[in-house]
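Colleague: Sequence and computational prediction follow.
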Amino acid sequence: MNFGTVTRMCKLAVFASGNGSNFQSIVDAIAHGQLMATCEVLICDQPDAKVIERAKKANIPAFVFDMKQFANKTEFERAILKKLREYDVTFIALAGYMRLIGSTLLEAYAQKIVNIHPSLLPAFPGLDAIGQAFQAGVKVTGVTIHYVDSGMDTGPIIAQKAIDLTEDETEESLREKIHAIEHVLYPQTLGKVMGGLNE
Ligand code: GRF
C-alpha cells in the first residue's frame, strides 16, 4: 500500500499559431489514455489559425492573444499568464507557436515549458527547419523536444529522433515523415517529463 505520494495530474496548456496537428496529437493521446494529463487550454496568437477549430471540436477552451492589442511583450505575456492561472495550468507545451517566450512566462513556468522542433537541434534552428535541412542536402535529420529558454530553439534537449533521407526523398515526403514522428514523440515525451512532477 502506498499512502505516501500524491501525484497531481498535470494541467497542460498548449500554445500554437497554425495548423495544430501536434496539438491534435496531444489531445488524442489524452483521450486514448496514452498521456496522463488534462489539456486545460489552447493559447493562440493568430485569430485565424486552424488550431482554434481543432480546440473547439475537442471542447478545449481556446484563447487568442493578439500581440497587436498589447503595448509590449510584457503586457502580452501578463495577460496570457493571468489566463493560465485561471485554469491552474502547471505545464506548457509549445506546438508550432511562432513566437519567442519572454521573461514573464519563463519565470512563472521555470523548467515547465517545452517545445518541439522539426530538426536535430542544434542543427537548423528557426523558421522552416525542414526546408533548411532538405536544401542543405543532409542525409539524416529528425525531431527534437527541448526545454524552452530565452533563445531561439536553444534550451536543454530532452528527446530526439533521427530519420534517414532516402535517395528519392522530396521536401514534401520529408515533411510528412517528420510530422508522423512528431505526433508520436511529443505525447510520449510529455508523458515522461510531466510524470516526473510530483506536487
Ligand atoms: C511542427 O513541425 C513543429 O515541430 C514546429 O512547428 C510545426 C507545427 O505544426 N515547431 P502543427 O501546427 O502542429 O501542424
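Modeller: Thanks, I have the structure now. Remember, predicted model here, so these are calculated numbers, not experimental data. Numbering: from 1, shown residues only.
Colleague: Every contact and neighbour count from this point should use C-alpha atoms.
Modeller: Will do.
Colleague: Kindly state the beta-bridge partners for the nearest residue to Ile113 once chain neighbours are set aside.
Modeller: In this structure, Ile113 finds its nearest non-sequential neighbour in Ile92, 4.7 Å apart by Cα to Cα, 6 or more residues apart in numbering. With DSSP bridges as the criterion, Ile92 is bridged to Ala13, Ile113.
Colleague: Number of residues surrounding Ile92?
Modeller: Look at Ile92: counted by other Cα atoms under 10 Å, it has 26 neighbours.
Colleague: Next: Ser25.
Modeller: Neighbour tally, Ser25, other Cα under 10 Å: 18.
Colleague: now Leu12
Modeller: Leu12 has 25 neighbours, counted by other Cα under 10 Å.
Colleague: correct me, but it touches Thr90?
Modeller: Yes: contact criterion Cα atoms under 8 Å: Leu12 and Thr90 qualify, at 6.2 Å.
Colleague: Where does pLDDT dip in the chain?
Modeller: The chain contains residues with pLDDT under 70 at 1-8, 196-199.
Colleague: which parts of it sit against the ligand?
Modeller: Counting by Cα under 6 Å from any ligand atom, the positions of the chain adjacent to the ligand are 18-23, 95-96, 116-118.
Colleague: for the protein, which helix is longest?
Modeller: helix 171-195 (DSSP state H).
Colleague: who touches it?
Modeller: Helix 171-195 has contacts (Cα atoms under 8 Å, 6 or more residues apart in numbering) with 10, 21-22, 25-26, 29, 34-37, 91, 116, 118, 130-131, 134, 142-143, 145, 158-159, 161, 165.
Colleague: Narrow those to just the buried residues.
Modeller: 10, 21-22, 25-26, 29, 35-37, 91, 116, 118, 130-131, 134, 142-143, 145, 158-159, 161, 165 (16 or more other Cα atoms under 10 Å).
Colleague: list the contacts for the residue nearest to Ile113?
Modeller: Here Ile92 is in contact with 12-15, 109, 112-114 (Cα under 8 Å, 6+ apart).
Colleague: Can you list the residue ranges for strands in this structure?
Modeller: Using DSSP state E, the strands of the chain run over 10-16, 37-44, 62-64, 91-94, 113-117, 140-147, 157-164.
Colleague: So which residues make contact with the fifth one?
Modeller: So that's strand 113-117. Residues contacting strand 113-117 (Cα under 8 Å, 6+ apart): 91-96, 106, 125, 129, 143-148, 153, 182, 186.
Colleague: from the middle of its chain, how far away would it be?
Modeller: Remark: strand 113-117 is offset 5 Å from the chain centroid, using Cα atoms, centre = their mean, to the nearest Å.
Colleague: okay, it in CSV with CA atoms only?
Modeller: Once non-C-alpha atoms are left out, strand 113-117 reads as follows in CSV (Å, rounded to 0.1, in the frame of the first residue of the first chain):
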residue,chain,number,x,y,z
ILE,A,113,7.8,24.9,-20.8
VAL,A,114,8.8,22.5,-23.6
ASN,A,115,8.9,22.9,-27.4
ILE,A,116,9.0,20.6,-30.4
HIS,A,117,11.3,21.5,-33.4
